[in-house]
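S.K.: fold the stuff below for me.
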Amino acid sequence: MATMDEPGTAGGVDVMDRELEKLLNEEQLEDGDHERFSHYVPKDKILESALTGKPVRALCGKKWTPGRDPEKFPVCPTCKAVYEKMRDS
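M.R.: Numbers count the residues shown, from 1 in each chain. Coordinates of the predicted model:
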């Protein structure tokens, strides 16, 4: 899960495709990992979830309890779009 800090400036479908291809080629993946993304969540909610075990809600609406390394997954395109709209406002 990514935080709502400034994401990298690179973006677009080509970048997502390359990240997903890299992810699929790694040996450490579990079944279904290719369908997962890193999501943007407010930092305070991540900390709260770590302390209480309560699920968090990403900008895209996905609700889950964090537990995987977000660096292993491509950024959710919906979260990224919502974040960019918030930032532009």
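S.K.: can you tell me the closest non-neighbouring residue to residue 57?
M.R.: Computed as C-beta to C-beta, 6 or more residues apart in numbering, the closest residue to residue 57 that is not its neighbour in sequence is residue 63, at 4.8 Å. For every residue, glycine as well, the C-beta is placed using N, CA and C.
S.K.: please report phi then psi for the one you found.
M.R.: Backbone torsions for residue 63, taken as degrees, to the nearest 10, come to phi -120, psi 130.
S.K.: now do the contacts for it.
M.R.: 55, 56, 57 (C-beta atoms under 8 Å, 6 or more residues apart in numbering).
S.K.: let's see it at 10 Å
M.R.: Neighbour list for residue 63: 39, 55, 56, 57 [criterion: C-beta atoms under 10 Å, 6 or more residues apart in numbering].
S.K.: which of those residues fall in strands?
M.R.: If you go by DSSP state E, the contacts of residue 63 have 56, 57 in strands.
S.K.: of the contacts of residue 63, closest to residue 87?
M.R.: residue 39 (16.2 Å; C-beta to C-beta).
S.K.: isn't the closest one up against residue 55?
M.R.: No. With contact defined as C-beta atoms under 10 Å, residue 39 does not count as touching residue 55 (11.7 Å).
S.K.: picking that back up, how much space separates the residue nearest to residue 57 from residue 38?
M.R.: 15 Å (C-beta to C-beta, to the nearest Å).
S.K.: then residue 82?
M.R.: Taking C-beta to C-beta, one finds residue 82 at 14 Å from residue 38.
S.K.: if anything else comes up later, I'll come back, but that's it for now.
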